[in-house]
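Trainee: Quick check, what structure comes out for this input:
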Amino acid sequence: MPASSFPGAHSAQSTHAVHSLRPFPPDGGGAAVEIVLCLAADGGLCLDYELRVTDLLIPPPAPPARTDGLWRHTCCELFIATVDAPRYREFNFSPSGEWTVHDFADYRQPLAATVIAVPPESLWQTRDADYCLQATIPAALLPPGPWQIGLAVVLEHRAGELSYWALHHPGERPDFHRRDAFTLLIDPLQP
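Mentor: So this is what the prediction gives:
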């Protein structure tokens, strides 16, 4: 199915586009998640994950290293693919400073770990009752455009439950890997 025919598909060609994520379960517990995404001058991506939540459980600080399993706790994510290509890449950013990159040949079909010469960077900030994770993904880590993107966040609440946030939840359960959840369309070559 072409990306433009996905339910909820939309385009974000302008820089600093703001995207509000939807919670799963649907009530969201009074939290709100927005992501500001922009193209960097060097062809990379810059993302600001804005989290407004009162009972957030935050992983403790750790060295900024590639670490698996970040999605089990509070984690900001980006899924990106070339439009109409089955292969995609997943980025995870933890408030701890840890990150990971996973490549998939197709839906949940992992490929061998990719050597990352220049890792993505992230910075966690607390702003009054809000939180922000700023992430920068170098152009070398991005597939050729145009892109089909899924934006997602996992929030771990102090009581231990998780809520899942995405631009679009196409199924009866949260599943950020579903290609019909990659509803943001960007062509980095278009002004």
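Trainee: Show me which strand runs longest in this structure.
Mentor: strand 147-156 (DSSP state E).
Trainee: Name the next helix or strand downstream of that one, please.
Mentor: strand 162-166 (DSSP states H and E).
Trainee: can you map out the strands along the chain?
Mentor: Counting by DSSP E, the strands of the chain are 10-11, 17-20, 22-24, 32-39, 45-52, 75-82, 88-93, 99-106, 109-110, 121-127, 130-137, 147-156, 162-166, 184-186.
Trainee: R66 is nearest to which of those strands?
Mentor: With Cβ to Cβ as the measure, strand 99-106 is the member of the strands of the chain nearest R66 (5.3 Å). C-betas here are computed from N, CA, C, even on glycine.
Trainee: got the angle for the closest one vs strand 130-137?
Mentor: 60 degrees (axes from the mean of the first three to the mean of the last three Cα atoms, to 10 degrees).
Trainee: Report the buried residues of strand 99-106.
Mentor: W99, T100, V101, H102, F104 (16 or more other Cβ atoms under 10 Å).
Trainee: And the contacts of that strand?
Mentor: Contacts to strand 99-106, defined as Cβ atoms under 8 Å, 6 or more residues apart in numbering, come from residues 64-68, 70, 86-93, 110-114, 116, 119-120, 122, 141, 177.
Trainee: got the strands of the chain as TSV, with mean pLDDT columns?
Mentor: Converted to TSV, the strands of the chain look like this (pLDDT from 0 to 100):
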stretch	mean pLDDT
strand 10-11	44
strand 17-20	92
strand 22-24	96
strand 32-39	96
strand 45-52	97
strand 75-82	98
strand 88-93	98
strand 99-106	98
strand 109-110	98
strand 121-127	93
strand 130-137	97
strand 147-156	98
strand 162-166	97
strand 184-186	95
